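>>> Mind folding the following:
(2 chains)
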Amino acid sequence: MKKILMVLSFFWGLTFISCRKDTAIDGPSIEEIYSSFKMLSSFKANKDSVDFSGGATVGFSASFNKIVSWKITITGATSKARKVFSGQSKSIDAATTVWNGTTTYFPLFAAENCIAKLTIDGVTDTFQVPVRIKNTRTVNTAIVIADFENGFSPNWVKFVQTGANMDFNIKSDTSKVQGSSYLNMAGTVNWDWLIGLVDFPASAYSTSNTFNLSTNPDAVYFNCLVYGVPGTNMSKVLFQFKEDENADGVINANNEDQYDFNIDVTWTGWKLVSIKYSDITALVNGQPVTPKGNSIHNPNKIGKISMLHLADKALGAAACKIDFICFTSAPLEL
Amino acid sequence: MKPFLLIIMIFSFAAGLFAQQKKTIDFIGGARSYMSNSALQVQDSLPDTTTLKRNTGGYALIDLGVNIRPNDKTEIMGMFRIRNEYGGFWGAGVSFDVRQLWLKGIIGNVLRYQLGDLNLKQTPFTLYNNRVQLMDSLPSIFQLQQNIVNYEKFYTNNTWRQQGANIDFGLTLNKYIESLDVNAYLTRLRATDFSSVPDRLLGGFTLAIKQNNKLSYGIHKVSTFDLKGTILDSNVYTNNVTTLFAENKFYYKQNLGILKIELGNSVAKYSHDALAPVLKDYFIHAQAQFIAPDNKWEASLAYLNVGPDFRSVGAQSMNVNFNAAPNFYTSYANDKLSRPLSIMDLVRNEQIYTTGVSSNLMKPSLMYNAILPYGLATFNRVGAYAKASYKGIKGMDLNASFYKLSEIRGQGTTQLKQFLQAELQTTFKLHQLIGFKKGLLLQTGFRMQNTQRTGAVSVELVDLKSMAWQVGVNYEFAPKLQLIGGMIFFNTKGNDFMVDRNIYTTVDYFTNQKMDIAQHMTAFGLKCNFSAKSYITGLFQSASYQDKLLVMPDYTMKQFLLIYNMTF
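Residues are numbered from 1 along each chain as shown, chains lettered A, B, ... in the order given. This next block holds a predicted model:
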């Protein structure tokens, strides 16, 4: 009997000491999830016009009766540029859903009227507010290598193969993304991968033999906008950063570093490409190799940048567009 | 060619040792031939012109293991696998793999160690391979197919196969305590990709003290942790589980009574992630067990309380990956739909079974086990369970269990789910009961699971029932020759909410899953046992999957199997 009591008291004791009440619930309320959608507070922008050039921003807010998947699409009336925010929540907070004038789908926004439209998964109604851009945002760059707004610099060196339908010209048409001009690179070269190239020597930007960039390769970002033309063969845009390590004005490929950034243009439309200089490697035929100089990334010793447009000679015509080639101290936001 | 050379070198080395010193080498392994011819029948609503509905093939394999004992304190085991798909010829379809590799020994007659492959198990709350999708044991015609899965995945006695190092030692003392045993291990759970996924390790120890013949106690500890520095990101995951256990034996009217308790806590967190919650919780598992003096019957009553935030990577890993694609008839309905897993997949498809502890919390299946998907370590459960077993006269075995559990914290509501599970399995050696000379075995089984949640709002209601029945017959009509057959019925009906969890294992969303699925699997065949370690069997089996809510098209799989299996 004593032992039976011992067993029973053992269980009683456990039940007592482990008795716990948990009034919280895990996850979102099921009642809310499966209730019909209601807008608790309307979709609003915290200002109806904004001057992005001074660093101002505009925030959006709304609240709902349950967690929903939402998307805000801001579209420029003139530029047709689009900025998209999305999330899954019960509310949209003007403190966190903040637009600083940047773009998700290019071209860039202009000083124009915009419409911000809120759509919610499973809800047919849409909600919208107008926002006017007084001035576009200021882009902080270290050096703009080429934005093609002032034509072809005489200090740049261009080489274009004598293939079919060659077009290596600056254009100003509806494909523009930043400013009003960009460089078109197109043609068919069926005996060589190279379609054309442009050399940007440091001397075109300063009196020095090297670009005036930071010595820290982690604080230098290389950026450009690249447009993939639909329905053509894949273009490759290869940037070669040739360091003049002894700053003698001569780039020696045998004993000075060259770093290569290859962009396979696998998309259609404009896309911003950005890379930290220290992440760029030396390549030979697309494979990483050891650079031939001091093997140290020295952005301040870059003497020349070559931009090559390449495509598989067996495939035929290739085309892409490029704009706003620049260095920044942080990843470029446009 | 390289694997061939490697094998020849190892065997040459082994043969050299054998020549120099007798009894230092053993050859072990197994061989299997597996031939299958199967067909898929689908209740297509549209004409299906793309899904392939016949499949034939198989493989032959041999596992060759060399167990070398260069001295009396060291043992080395290496096992290679040569596998050839039927239809492969002159190298096509042939694969060579290292299946096992370990080294073990004793240092100074005190410390035992093992390096390489390890089979590890601690307790159901720390490190344990739960087998909870099907019933505890299957009719022998299905069990022989499960045994192949168990062999392939190294599932032995609820252990997990890991790679790493293990040490253990024991001390016998004259004063205060009788003995002390220590076991510790460190294994690699996941390898880094050198950019965003860090190395994840699993380590732990057990310290067990035997006070006297009646009382023993100790501590288990298991940690899962990311190794800092294996990627640049300093945010690392840790999951620490510490448990205390004690066991007291006593006698009541000559019956052996054992009181067991294990209690502990867990902490799961990320070091540098502001969004990640710190999940801390505890569990208690207490059990009173009674065993008859002649071991004919055994009964136990247990109390279980596992907190909603209790996380234990080693114990909450599932052996079935329900998101895995089956390796045959992966899709159907013009290849547009992924074929849902059926009980035939669970019985024989090794592709869906996992090889080791999973580094992330796996998603359970409401259909196959909605109550204890992670075994006893399933979080957010409180209640009691009872088990009884009886090994009666004339070859009758009976095992029964009953679970009554509930949630501790509501899932998307303050209302709590109530769980009920009952299981009964019997084995009758009918030839002993009726005095028949030839062996006749009858196996039966039944499992019922019931999940209920009431609520003021109808959308919160949960009512899910699953029933499984099984029966198996084994008739030895001539020496070493058996007719075998079996059936499994598995029905799931009702609704429950499938939980979507984020990477931190907390709940993001609930999806109401309505089910009315009826499955059955039938098999029969002939088996010839050459010895206790080798057999050949020819089987025909058919499995049907019927979705009465028409969410997925119904299908039936039929299969003829010829299996030769041996171990040596």
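
>>> Contact residues of the stretch 401-550 of chain B facing chain A?
B:408-414, B:457, B:459-460, B:497, B:499, B:506-510, B:512 (C-beta under 8 Å from any C-beta of the partner chain). Placement of C-beta: from N, CA and C, glycine included.

>>> what are the ranges of the helices in chain B?
Taking DSSP state H, the helices of chain B run over residues B:2-20, B:140-153, B:343-348, B:430-434.

>>> so A:Asn135 touches A:Gly55, yeah?
No. A:Asn135 is beyond contact range of A:Gly55, at 10.8 Å (criterion: C-beta atoms under 8 Å).

>>> the more surrounded of the two?
Per other C-beta atoms under 10 Å in any protein chain shown, whichever of A:Asn135 and A:Gly55 has more neighbours is A:Asn135, with 14 against 10.

>>> In space, not sequence, find me the middle residue of the chain.
Using chain A. When chain A is reduced to its mean C-alpha position, the closest residue under C-alpha atoms, centre = their mean turns out to be A:Leu272, at 4.1 Å.

>>> Actually, chain B is the one I wanted.
When chain B is reduced to its mean C-alpha position, the closest residue under C-alpha atoms, centre = their mean turns out to be B:Arg131, at 3.8 Å.

>>> now the chain, which segments are flagged as low pLDDT?
In the absence of a named chain, chain A is used. Judged against pLDDT under 70, the low-scoring parts of chain A cover residues A:1-22.

>>> hm, I was asking about chain B
Confidence mapping of chain B against pLDDT under 70 gives the ranges B:1-23, B:89-91.

>>> Any residues of it in contact with chain A? List them.
Counting by C-beta under 8 Å from any C-beta, the residues of chain B that sit close to chain A are B:250, B:252, B:257, B:259, B:261, B:284, B:286, B:288, B:301, B:303, B:305, B:307-308, B:380, B:382, B:408-414, B:457, B:459-460, B:497, B:499, B:506-510, B:512.

>>> repeat that for 7 Å
With C-beta under 7 Å from any C-beta of the partner chain as the criterion, chain B comes near chain A at residues B:250, B:252, B:257, B:259, B:284, B:286, B:288, B:303, B:305, B:308, B:408-414, B:457, B:459-460, B:497, B:507-510.

>>> Narrow those residues to those that are buried.
Listed as buried from the residues of chain B next to chain A are B:257, B:259, B:284, B:286, B:288, B:303, B:305, B:308, B:408-413, B:459-460, B:497, B:507, B:509-510; burial here means 16 or more other C-beta atoms under 10 Å in any protein chain shown.

>>> so of these, which ones are in strands?
In strands, judged by DSSP state E, the following of those are found: B:257, B:259, B:284, B:286, B:288, B:303, B:305, B:410-411, B:497, B:507, B:509-510.

>>> So which residues of chain A form helices?
Under the criterion DSSP H, chain A carries helices at the ranges A:2-17, A:30-33.

>>> Now find how far off-centre stretch B:69-82 is within its chain.
27 Å (C-alpha atoms, centre = their mean, to the nearest Å).

>>> Next, the buried residues of that stretch.
Of the residues in stretch B:69-82, those buried by neighbour count under the rule 16+ other C-beta under 10 Å are B:69, B:75-82.

>>> Select from the residues you listed every entry located in strands.
In strands, judged by DSSP E, the following of these are found: B:69, B:75-82.

>>> Pipe these into CSV and attach distance to B:Tyr34 per row.
Rendered in CSV, the data for these read as follows (distance: C-beta to C-beta, whole Å):
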residue, distance to B:Tyr34
B:Arg69, 33
B:Glu75, 31
B:Ile76, 30
B:Met77, 25
B:Gly78, 24
B:Met79, 19
B:Phe80, 19
B:Arg81, 14
B:Ile82, 14
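
>>> Name the nearest of those residues relative to A:Ile170.
Here the nearest of those to A:Ile170, counting by C-beta to C-beta, is B:Arg81; it sits at 63.9 Å.

>>> count of residues packed around the residue of the stretch 201-334 of chain A found nearest chain B?
Among residues of the stretch 201-334 of chain A, the one nearest chain B by C-beta to the nearest C-beta turns out to be A:Asp279. It sits 11.8 Å away. Using other C-beta under 10 Å, A:Asp279 is surrounded by 13 other residues.

>>> Give the full set of residues in contact with it.
Counting by C-beta atoms under 7 Å, 6 or more residues apart in numbering or on different chains, A:Asp279 touches no other residue.

>>> Which residue, neighbours along the chain excluded, lies closest to B:Lys153?
With C-beta to C-beta, 6 or more residues apart in numbering or on different chains as the measure, B:Tyr353 is the residue that lies nearest to B:Lys153, at 5.0 Å, once sequence neighbours are left out.

>>> Contact partners for the one you found?
By C-beta under 7 Å, 6+ apart, the residues touching B:Tyr353 are B:149, B:153, B:319-320.

>>> ok, so of the residues you listed, who is nearest chain A?
Within the set of the contacts of B:Tyr353, B:Val320 lies nearest chain A; the separation is 23.8 Å, counting by C-beta to the nearest C-beta.

>>> do you know how far the residue nearest to that closest one when sequence neighbours are not counted is from B:Pro364?
For B:Val320, ignoring the flanking residues on the chain, the nearest one in space by C-beta to C-beta, 6+ apart is B:Gln133 at 5.2 Å. Noted for B:Gln133: a distance of 9 Å to B:Pro364, by C-beta to C-beta, to the nearest Å.
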